[in-house]
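*Asks:* Have a look at this prediction, sequence included:
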Amino acid sequence: MGILLAPAEHEGLLRRGGAVVSSGTMRVLERGHDGRPLYLEFTAQDLVGRTVHATGEAVAWLRFPGLTFIAYWWTMVKWRLDGQEFYGELQDGWPMQEHRRYVRAMLG
């Protein structure tokens, strides 16, 4: 079992028992002072109607300026799902100006 989450409204792939998630949401519950994601929550429904709920804790980060106008936090996440733990990633992209405003506000 694995999970892959990407930016763009946090689309991704989760395959459980042969069924693929058809819809869902991923939320960043807490961020660090520099904007990096710390804790996450994933809720979705697969193609056979089962509900999936996972929580995640970020364990490693790479601040990656992917393009001149986008700031990415490429994050390794320890996910918890149905009593099991596994690792995946999150690519959290921000418009550069929005990221700068967030950090400036957090730093005072």
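*Replies:* Okay, I see it.

*Asks:* Would you tell me what helix or strand the residue nearest to the spatial centre of the chain is located in?
*Replies:* For the chain, the residue nearest the mean C-alpha position is residue 90 (4.0 Å; CA atoms, centre = their mean). Per DSSP states H and E: residue 90 is located in strand 84-95.

*Asks:* ok, then the element right after that strand?
*Replies:* The helix or strand immediately downstream of strand 84-95 is helix 96-107, counting by DSSP H and E.

*Asks:* List the contacts of the residue lying farthest from the centre of the chain.
*Replies:* The outermost residue of the chain relative to its centre, with distances by CA atoms, centre = their mean, is residue 108 at 26.2 Å. Contact partners of residue 108, counting by CB atoms under 8 Å, 6 or more residues apart in numbering, are absent. C-beta here means a position set from N, CA and C on the backbone, and glycine is covered the same way.

*Asks:* any idea of the mean pLDDT for stretch 90-107?
*Replies:* Averaging pLDDT along stretch 90-107 yields 84.

*Asks:* List the buried residues for that stretch?
*Replies:* Buried residues in stretch 90-107, counting neighbours by 16 or more other CB atoms under 10 Å, are found at 90-94, 99, 102.

*Asks:* Contacts only, for residue 74.
*Replies:* Residue 74 sits in contact with 61-64, 89-91, where contact means CB under 8 Å, 6+ apart.

*Asks:* Now do the SS call for it.
*Replies:* Using DSSP: H, G, I helix; E, B strand; the rest coil as the criterion, the local structure at residue 74 reads strand.

*Asks:* Quick check: which ranges of the protein have low pLDDT?
*Replies:* Along the chain, the model assigns pLDDT under 70 to residues 1-20.

*Asks:* Across the sheet, point out what pairs with the residue nearest to residue 64 when sequence neighbours are not counted.
*Replies:* Spatially, and ignoring its direct neighbours in sequence, residue 64 is nearest to residue 72 (4.3 Å; CB to CB, 6 or more residues apart in numbering). Here residue 72 sits in beta bridges with residue 64, residue 93, going by DSSP bridges.

*Asks:* gap between residue 31 and residue 46?
*Replies:* From residue 31 across to residue 46, the span is 28 Å (CB to CB, to the nearest Å).
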